[in-house]
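[1] the sequence and its predicted three-dimensional model are supplied below.
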Amino acid sequence: MSETVSDKIAAAPAIAAFARRDRLRAYEALPWLAAIAAYFLFPTYLPLGAQILATTLFALSVDLILGYAGIVTLGHAASFGVGAYTAGILAVRGWGEPVTGLLAAAIVAGLVGLLSGLLILRTRGLTLLMQTLVIAVLLYEAANKATSLTGGADGLQGMQVWPVFGIFTFDLFGATAYLYALTALFVAWLIVRRIVYSSFGRSLTGIRENMLRMQAIGAPVYVRMVVIYAVSAALAGVAGAVIAQTTQFVSLTSLGLDRSGTILVMLIIGGVGRLYGAFIGVPLYMIAQDQFSQIDPVYWFFWIGLFMVLLVSFAPGGVLGSLARLTQRWRR
Amino acid sequence: MTDIPAALETEKLSLNFGALHVANAIDFRLDPGARHALIGPNGAGKTTFVNLVAGRLTPTSGRILLDGLPITHLPQDTRVKKGLVRTFQINALFRDLSLLENVTLAISERVGIASNMWRSAGSHRAVIAEAYALLEDLGLADDALRSVRELAYGRQRLAELAVALALKPKVLLLDEPAAGVPSGESGVIIAMIERLPADITLLIIEHDMDLVFRIAKRITVLLRGRILVEGTPAEISENAEVREVYLGERTPT
Amino acid sequence: MASYLSAAIFIGFHGLAFAMVLYLISVGLSVTMGLMGFVNLAHGVFAVAGGYIMTGLMNRFGVPFPLALLVAVFTVAALSVVMERLLYRRLYGRDELDQVLMTIGLIFMSIAVAKYLFGSTPEAVHLPSWLSGHVDIGGRDFPTYRTFLIVCGMGLVIALWLTVERTRFGAQLRASVDNLRMAQSLGINTGLLFTKAFALGSGLAALGGGLGAEILAIYPGYALENLAYFLIVVAVGGMGSIRGPFVAALLIGIADVGFKYLLPETGSFIIYAMTMALLLWRPQGLFGRA
């Protein structure tokens, strides 16, 4: 194409807008401002805050494959748990350096994700769903039985996590944990945002919308899905590691089915495939759960279950999806 | 038989489901630059043939050759990379994405930037420019930023063609390009097909005989999975068997 | 040598009993997934509900075992019809994700309700005297209840297969699983069929839950904890198949008992690994359609 055509494109404002979809918008600073504000406003809630931040990272990783590639998985807890146990086992066995622990978790979880992706991403739909489930319970059972390595049903105890950069210790007040988790989340967000707005990310949207068509335009769909599955697994592993390191404990529930289920719920509440669904859904859920559990933990399960049923029946798309529909109606 | 390799060739291509021969030992040949139509009554196996050639279905036996090289066991996306592109009888576009994005996705794949995870999609200006230029060429530029879902069906079929052309095909398989389009709008599609560069090899599946006789230099008639007869439009329209097969359906003028 | 034989008989017997329970519960799930294309992760709720109603009637009101079981089955079947009409129906044809979420929500609710009504400890099952103890078969002692379970189970399985093969309902069911559109154009009232199939599946699940209360303990977390096994039986057997899950249940039931007996340190791991291998080799299951 000639230069003049390129200039023509640059001139047409609408097309130019299309080309600059990825530019940072003002509201994208909000989550970070809110997170920093929370640090100063809620000093007693920092341990919970760290959990929320790490879980947001987890939800972000799930959004990559669920919201962007369209892969429905019940087994994401597997990656999360693998990362948690990697960091945990390292810390128990004498290597408590947190940042390298995160990297190790990312690598191990990423490899597990790569291997499982290679195996199972040839199928789709219900069969794929089943296979993600089987992998998850497989790893759960392995962790359950390998008690010498993982502590089994009692959980992994005796983690000794060293201070970050040798200076910032993880203590009960949670200040270090909070900022540590926030940094990890920020880095992950940068990566995810990059991917989502890249050509690769757009091709994922294509795969989600119409896999057949993507194959018909020459996209190696299987390869793309395996790649994003592995990346997502690595990120989930980091989330698991952050929680392990900040709580100095890894329990079997990090691999459990309800963890896979609840992360889906948190993501759905915020809205899938919109990058920020995780940032809305996770805090909402976890703060609500924290408040409710103090009243009655049993009731929490009931109400969140009811909420899920109602949400699916009446408000698919979650908060962001409903907002999008509202603004669309507004514009007309 | 000539010495130049066929642009596309099948040898005894078959697809059987038990005793049901959906494609029955089809020997087919497309010369480079051909304007070839594949016709036949419903259920004759035309779309099946396209699916076999494109790689969506795996044949029970037989070979497929593209430019003299066997592609029988290659996956769909590899065939596309080698220049074999098909369109769908029922639109298979990304309905919630804009026209421009639909075409950009295709060009991104062709050019090879689609695997790039780092640079933003919008930064590939040349790709976007090419997509826009293609849409202009097909008269779709005004709708570039509208989602496919919002367009009239005729325009969507044009978009389907745009996406195929974005891939710079060497061999283009059009599966009923004018299907479902109101007769007022099908003229645009026919005009676009006529304007295709002479070096693209074209195979059109169609029921619309007007289109077939306007565009095709050779016609193959398929019946129950086998080739019934092949020849020039004049030969086909005079062929008694073909007349019989089409009795009751639209007869060529 | 004799001890190998004993072990084999032990594993075979208890594996068979477990398989019966698994099959009765899972066959309904296979039909739901194959017929309505609906991922009902909450299927186990029907089983545990059957168990709770049965034990509740027996323990609190002294209702005799057979009657309690029958009441449980019909109550759950009736309730399932209500749920199908009110809730599940809205989600046919929707995204898998929505179905997964809704049914997980239902599981959560069931756990909370069960904990609230019955507490966390598993329900005690007091078998009537004619079913307790041991019975002598071929010179060996077998627990009476499990023998009863196997015999009963086989009877039910045969009755089910006859229903599916010989009755009009069964023919309609098989046709619809095979090709729903075609069945509709033949005039089959698929909406009604769905409801009937759903009720049958849930009723059988309740039956499995009640009969199997001694094998799979009735406690609030039942539907979630046993979900993997139910899904695996369906996946390995083949979604939509009626016989497939039976073979799968046999394989899994016997393998589970066998491995837990011979290699207890591995738990269910080998079963999951075998399932994984099978699904990789044959994603549609043993008897599913490709």
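    Nice, I can see it. Model, not experiment: these values are computed from the prediction.
[2] any idea where the strands of the stretch 51-200 of chain C begin and end?
    Under the criterion DSSP state E, counting those that start in this stretch, strands of the stretch 51-200 of chain C are mapped to C:134-137, C:140-143.
[3] quick one: closest of those to residue C:103.
    Between residue C:103 and the strands of the stretch 51-200 of chain C, the shortest gap by CB to CB is with strand C:140-143, which sits at 34.5 Å. (Each C-beta comes from the backbone N, C-alpha and C, glycine too.)
[4] check which helices and strands that closest one sits against.
    Under the contact criterion of 3 or more CB pairs under 8 Å, 6 or more residues apart in numbering or on different chains; DSSP states H and E, strand C:140-143 touches strand C:134-137.
[5] so which strand or helix has residue B:235?
    For residue B:235, the element it lies in under DSSP states H and E is helix B:233-238.
[6] which among the strands of the stretch 51-200 of chain C is found nearest to residue A:59?
    Between residue A:59 and the strands of the stretch 51-200 of chain C, the tightest spacing by CB to CB is seen for strand C:140-143, at 48.1 Å.
[7] give the buried residues for the closest one.
    Of the residues in strand C:140-143, those scored as buried under the neighbour-count criterion (16 or more other CB atoms under 10 Å in any protein chain shown) are C:142, C:143.
[8] low-confidence stretches in the chain?
    Just so you know, I chose chain A. A:1-14, A:316-321, A:328-332 (pLDDT under 70).
[9] not what I meant, chain B
    Counting by pLDDT under 70, chain B shows low-confidence ranges at B:1-3, B:247-253.
[10] which residues does residue A:99 contact?
    A:164, A:165 (CB atoms under 8 Å, 6 or more residues apart in numbering or on different chains).
[11] so which bits of the host helix or strand of it are buried?
    Here residue A:99, judged by DSSP H and E, is contained in helix A:98-120. Going by neighbour count (16+ other CB under 10 Å), the buried part of helix A:98-120 is A:98, A:101-106, A:108-110, A:112-114, A:116-117, A:119-120.
[12] wouldn't residue A:246 be in contact with residue A:175 here?
    No: counting by CB atoms under 8 Å, residue A:246 sits too far from residue A:175 to count as a contact (10.9 Å).
[13] ok, those two, which is more surrounded?
    Comparing residue A:246 with residue A:175 by neighbour count (other CB atoms under 10 Å in any protein chain shown), the higher total belongs to residue A:246, at 24 against 17.
[14] for that one, which non-adjacent residue is spatially closest?
    residue A:177 (3.8 Å; CB to CB, 6 or more residues apart in numbering or on different chains).
[15] quick one: the one you found is in a helix?
    Yes: residue assignment for residue A:177, taken from DSSP: H, G, I helix; E, B strand; the rest coil, places it within a helix.
[16] would you map the helices across the stretch 151-290 of chain C?
    When secondary structure is read from DSSP state H, counting those that start in this stretch, the stretch 151-290 of chain C shows helices at C:168-178, C:180-185, C:190-211, C:222-225, C:227-237, C:244-262, C:269-281.
[17] to residue B:212, which of those helices lies closest?
    Proximity to residue B:212 (CB to CB) singles out helix C:180-185 among the helices of the stretch 151-290 of chain C, at 31.2 Å.
[18] so which residues make contact with that closest one?
    Here helix C:180-185 makes contact (CB under 8 Å, 6+ apart) with C:35, C:172, C:175, C:176, C:190.
[19] give me that answer again for 6 Å
    Helix C:180-185 is contacted from outside by C:175, C:176, C:190, using CB atoms under 6 Å, 6 or more residues apart in numbering or on different chains.
[20] could you do stretch B:103-123 as well?
    If you take CB under 6 Å, 6+ apart as the criterion, stretch B:103-123 is touched by A:19-22, A:195, A:197-200, A:202-203, A:206, A:217-219, B:124, B:127-128, B:130-131, B:134, B:162-163, B:166-167.
[21] for the chain, which helix is longest?
    Since no chain was named, I'll use chain A. Scanning chain A for the longest helix, with DSSP state H as the assignment, gives helix A:221-247.
[22] hmm, no, I was thinking of chain C.
    helix C:2-35.
[23] in that helix, which residues are buried?
    Of the residues in helix C:2-35, those buried under the neighbour-count criterion (16+ other CB under 10 Å) are C:11, C:13-35.
[24] next: stretch C:143-163.
    Of the residues in stretch C:143-163, those scored as buried under the neighbour-count criterion (16+ other CB under 10 Å) are C:143, C:144, C:145, C:146, C:147, C:148, C:149, C:150, C:153, C:156, C:157, C:160.
[25] again, but for stretch A:164-171
    Residues A:164, A:170 are the ones in stretch A:164-171 that count as buried (16+ other CB under 10 Å).
[26] distance between the ends of it?
    Taking CA to CA, to the nearest Å as the measure, stretch A:164-171 stretches 12 Å from start to finish.
[27] now do it: everything it contacts.
    Looking at stretch A:164-171 with CB under 6 Å, 6+ apart, the contacting residues turn out to be A:98, A:161, A:163, A:176, A:177, A:180.
[28] give the contact list for the fourth one.
    With contacts defined as CB under 6 Å, 6+ apart, residue A:176 is in contact with A:168, A:170.
[29] need the residues that contact stretch B:149-169.
    Stretch B:149-169 is contacted by residues B:83, B:85, B:87, B:91, B:93, B:95, B:99, B:102-103, B:106-107, B:110, B:134, B:138, B:140, B:143, B:148, B:180-181, B:185, B:189 when judged by CB under 6 Å, 6+ apart.
[30] now the end-to-end length of stretch B:61-77.
    When the termini of stretch B:61-77 are compared using CA to CA, they are 21 Å apart.
[31] likewise for stretch B:111-119?
    OK, stretch B:111-119 end separation, CA to CA: 15 Å.
[32] likewise stretch A:249-266?
    Taking CA to CA, the span from the opening residue of stretch A:249-266 to its closing residue is 23 Å.
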